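In: for reference, the sequence and a predicted model appear below.
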Amino acid sequence: MNPIIKSCLFSALMLFAAESTIAQNMSVKITQKNDPKWWKEAVVYQIYPRSFKDSDGDGIGDLKGIISKLDYVKSLGIDAVWLNPIYTSPNDDNGYDISDYREIMKDFGTMEDFDLLLKEMHKRDIKLIMDLVVNHSSDEHEWFKQSRSSRDNKYRDYYHWWPAEKGKPPYRWSFFDVNSEAWKYDAQTDSYYLHYFSQKQPDLNWENPKVRNEVYDIMRFWLDKGIDGFRMDAFQFASKDTTWPELPKGYEKNIIKYYGVGPHLHDYLQEMNREVFSKYDIMTVAEGAGSSPEDALLFVDPDRKELNMAYHFESVDIGKHLNDFGLVKYKDIFSRYDKTFKDKGWLSIFLANHDQPRMVSKFGNDTPKFRAISSKMLSTFIMTMRGTPYYYYGDELGMVNIRFNSIDDYTDVDTRNKYIGLKNRGGDLQAFLEGQKQTSRENGRTPFQWDTAQNAGFTTGTPWLKVNPNYETINAEVQEKDPNSVLNYFRKLVQLRKNEPTLVYGKYTLLDKENPNVYAYTRELDGKKLLVLLNFTDKNSTYNIGISTAKSKIILDNYTGIKKLENNILRPYEAIIIELKQ
């Protein structure tokens, strides 16, 4: 071989080897802290549109109402809004039963209103995350109308059907059905259709590629309008084992194991990413992420090219109140997930959403004495953990459970159908209603409390759901004027998180693990170390962290006045963020 050519080949091989080594080293070194993304640094504010602000006096919140309050939303310091469904729907499940994915529900306004909302949000540097419901549709969607019309209709396989001549299908449990039966007999074609939720929410057949392509087209429709991402409702249930095996005894004790993450779910997510997500700079998150941290990571491991943020339920599936569950066990949930996600993948951090009671009523103390201080403590927790914080509308005021006395006050399909089912079985209805005062998700859906005017300034008409009577003392107008209010403390927290990369990307280390009253941890990045101390009780509580705070600086304390770090004592529901000095 010509010596010159040989030399050139050798140089090229050496260069290739060097570049490969650099690439390998780079891949090893890419960690959470040096792989910044806007959706990791964002604070997400969830708006339940029906309950936020009514603009036309019909008692239902709408898009124009949200537009009128965007300056308030911007003043919170948040970066993105997750908007619950606003698509055309008969409202069996308040918009989570969609009959037209490309139109706006008349209660909320028009597509022109939506376009203006998106424009006004982007003008204020607020991103919009849409809620997409594609595990199921409404039974009033044209697809289902066609599907149920005959067995040979071209839309038949858009849903899961079981012919009656084969006998009754293998039992499947339903979340919202009066009798907890997920197969509904439909006489028109002498068949059963599957509905994991209400009878008016038939499950789409994701095993059919035509269904998947329909959904991808819907996604492109909204993304091309300029929205900034999707939160995908109930998507971990989309893939089913269509051999319909019998469920083992005791399945109900771990429903996600048998209902979630079906055989092809990750295949569908990877296809969705290839076809849609990879072509846009967006945030993607699916409700539910399996039954373990390891399951959850599979959804968001960047190498798998599926979603970019996990939203697991363990942090809220703790029963009626954190006090009953226990703080030590609760700390373990977050620590297990953080350990699994410390190098790659990303988590959502939240304590409330539209399917939960009010945050302070479930995790804090909503009595007049402790409501404000425990609200501040819980907000401190959400804003100082590693992961993207999700914050539910009204929690920045410390809104609490309304605690309805009568079934007539409830509109929610979940509560009403459970009540009917219990009544049919001769159960204790009064005990059920007492339990719903603490656990019903409608506690978290009451109208936003804007001011002391009638109906808390939410509407000039009759509100679709009763306003909490405490609005005269708990409302945004009053709290705006109080520098020590829950609202203004929340704003301080958001700004602190924005100014402190340590709170976004920093390493999390749990301290005083077995302490039943105090949650203590550090966040550390590039030599900077922050200590977070949270008292989850209504009593003075001690902590033992093994770290000297003698030379340290208090960055934020949810109590007013000067705090001295002495005797390792926290006051009731106290929250302190400290910069540790060596």
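Out: Structure's in. What do you need? From a predicted model like this one, the values you see are computed outputs, not experimental measurements.

In: check which element follows the helix or strand of the chain with the lowest mean pLDDT along the chain.
Out: Lowest mean confidence among the helices and strands of the chain (mean pLDDT, DSSP states H and E): helix 3-29, at a mean of 42. As assigned by DSSP states H and E, the chain's next helix or strand after helix 3-29 is helix 38-41.

In: for that following helix, name the packing helices and strands.
Out: In terms of contacts (3 or more CB pairs under 8 Å, 6 or more residues apart in numbering; DSSP states H and E), helix 38-41 is packed against helix 501-505. All C-beta spots, glycine's among them, are computed from the backbone N, C-alpha and C.

In: quick one: mean pLDDT over the helix it packs on.
Out: Helix 501-505 shows a mean pLDDT of 97.

In: so which elements touch that helix?
Out: Using 3+ CB pairs under 8 Å, 6+ apart, the elements in contact with helix 501-505 are helix 38-41, helix 486-499, strand 518-525, strand 528-535.

In: quick one: what helix or strand has residue 372 in it?
Out: Using DSSP H and E, residue 372 sits within helix 371-384.

In: what angle do that helix and strand 528-535 make?
Out: Relative orientation of helix 371-384 and strand 528-535, computed by axes from the mean of the first three to the mean of the last three CA atoms, to 10 degrees: 150 degrees.

In: which helix or strand lies directly C-terminal to helix 371-384?
Out: Toward the C-terminus, helix 371-384 is succeeded by strand 388-392 as the next helix or strand (DSSP H and E).

In: touching the very next helix or strand once past that next one from outside, list them.
Out: As assigned by DSSP H and E, the chain's next helix or strand after strand 388-392 is helix 413-424. With CB atoms under 8 Å, 6 or more residues apart in numbering as the test, helix 413-424 has contacts from 92-93, 175-180, 198, 407, 410, 428-429, 432-433, 436, 440-442.

In: in helices, which of the residues you listed appear?
Out: Secondary structure assignment (DSSP state H) places 429, 432, 433, 436 from the contacts of helix 413-424 within helices.

In: which among those gets closest to residue 230?
Out: Among the ones in helices among the contacts of helix 413-424, residue 436 lies closest to residue 230 (CB to CB), at 30.8 Å.

In: what's near enough to touch the closest one?
Out: By CB under 8 Å, 6+ apart, the contact set of residue 436 is 404, 410, 415.

In: would you list those residues in JSON lines and tack on distance to residue 572 and neighbour count?
Out: As requested, these are arranged in JSON lines below (distance: CB to CB, whole Å; neighbours: other CB atoms under 10 Å):
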{"residue": "404", "distance to residue 572": "29", "neighbour count": "19"}
{"residue": "410", "distance to residue 572": "33", "neighbour count": "19"}
{"residue": "415", "distance to residue 572": "32", "neighbour count": "21"}
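
In: from these, which is closest to residue 390?
Out: For these, the nearest to residue 390 is residue 415 (23.5 Å; CB to CB).

In: just give me the neighbour total for the closest residue in space to residue 240 that isn't next to it in sequence.
Out: Distance criterion CB to CB, 6 or more residues apart in numbering; nearest residue to residue 240, sequence neighbours excluded, is residue 262 at 5.2 Å. Neighbour count of residue 262, defined by other CB atoms under 10 Å: 19.

In: looking at this, residue 262 is in a helix?
Out: No: going by DSSP: H, G, I helix; E, B strand; the rest coil, the assignment for residue 262 is coil, not a helix.

In: these two touch, right, it and residue 244?
Out: No: counting by CB atoms under 8 Å, residue 244 is not a contact partner of residue 262; they are 11.7 Å apart.

In: how about the strands in the stretch 251-400 of the chain?
Out: Here the stretch 251-400 of the chain has its strands, by DSSP state E, counting those that start in this stretch, at 283-287, 309-311, 348-349, 388-392.

In: including mean pLDDT, could the ones you listed go into TSV?
Out: Shown next, in TSV, are the strands of the stretch 251-400 of the chain (pLDDT from 0 to 100):
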stretch	mean pLDDT
strand 283-287	92
strand 309-311	94
strand 348-349	96
strand 388-392	98
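
In: between the ones you listed, which one is nearest to residue 326?
Out: Per CB to CB, nearest to residue 326 of the strands of the stretch 251-400 of the chain: strand 348-349, 19.7 Å.

In: sheet partners, orientation included, of the closest one?
Out: strand 388-392 (parallel) (DSSP bridges).

In: could you export the partner strand as CSV, CA atoms only?
Out: Extracted C-alpha coordinates of strand 388-392, given in CSV (Å, rounded to 0.1, in the frame of the first residue of the first chain):
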residue,chain,number,x,y,z
THR,A,388,-41.0,18.8,38.0
PRO,A,389,-43.4,20.2,40.5
TYR,A,390,-47.1,20.1,39.6
TYR,A,391,-49.3,22.5,41.6
TYR,A,392,-53.1,22.3,41.6
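
In: and the angle from it to strand 283-287?
Out: Going by the same axes, to 10 degrees, strand 388-392 is angled at 60 degrees with respect to strand 283-287.

In: and strand 388-392 with helix 486-499, angle?
Out: Angle, strand 388-392 to helix 486-499, by the same axes, to 10 degrees: 160 degrees.

In: before we move on, back to that, could you dump the helices and strands packed on helix 501-505 to a markdown table with distance to residue 203?
Out: Below are those laid out as a markdown table (distance: least, CB to CB, whole Å):
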| stretch | distance to residue 203 |
| --- | --- |
| helix 38-41 | 29 |
| helix 486-499 | 38 |
| strand 518-525 | 39 |
| strand 528-535 | 41 |
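
In: these: which one's closest to residue 582?
Out: The nearest among these, by CB to CB, is strand 528-535 at 8.2 Å.

In: within its sheet, name the partner strands of the following helix or strand past the closest one and how each one runs.
Out: Using DSSP H and E, the helix or strand that follows strand 528-535 in sequence is strand 541-542. As defined by DSSP bridges, the strand partners of strand 541-542 come to strand 569-570 (antiparallel).

In: for the closest residue to residue 312 other than its chain neighbours, what are its contacts?
Out: If the residues on either side of it in the chain are set aside, residue 312 comes closest to residue 289, at 4.5 Å by CB to CB, 6+ apart. Taking CB under 8 Å, 6+ apart as the criterion, residue 289 is in contact with 236, 295, 296, 299, 300, 310, 311, 312.

In: quick one: residue 289 from residue 262, how far?
Out: To residue 262, residue 289 is 14 Å away according to CB to CB, to the nearest Å.

In: residue 227 now?
Out: For residue 227, the distance to residue 262 equals 27 Å [CB to CB].

In: surely residue 337 touches residue 348?
Out: No: counting by CB under 8 Å, residue 337 stays clear of residue 348, with 10.2 Å between them.

In: okay, the two: which has more neighbours?
Out: Neighbours per residue (other CB under 10 Å) separate residue 337 from residue 348, with residue 337 holding more: 27 against 21.

In: residue contacts, that one?
Out: 293, 296, 312, 314, 347.

In: try 10 Å
Out: Neighbouring residues of residue 337 by CB atoms under 10 Å, 6 or more residues apart in numbering: 289, 292-294, 296-297, 310, 312, 314-315, 345, 347, 349, 385-387, 508.

In: and for residue 251?
Out: If you count contacts by CB under 10 Å, 6+ apart, residue 251 has them with 171, 173, 257, 258, 259.

In: tally up the residues packed near the last one, please.
Out: Spelled out, that is residue 259. Per other CB under 10 Å, the neighbour tally for residue 259 reads 21.

In: measure it to residue 347 for me?
Out: Taking CB to CB as the measure, residue 259 falls 22 Å from residue 347.

In: all the helices of the stretch 201-350 of the chain, residue numbers only.
Out: Chain-ordered helices for the stretch 201-350 of the chain, with DSSP state H, counting those that start in this stretch as the definition, fall at 209-225, 255-259, 265-275, 293-300, 322-325, 327-341.
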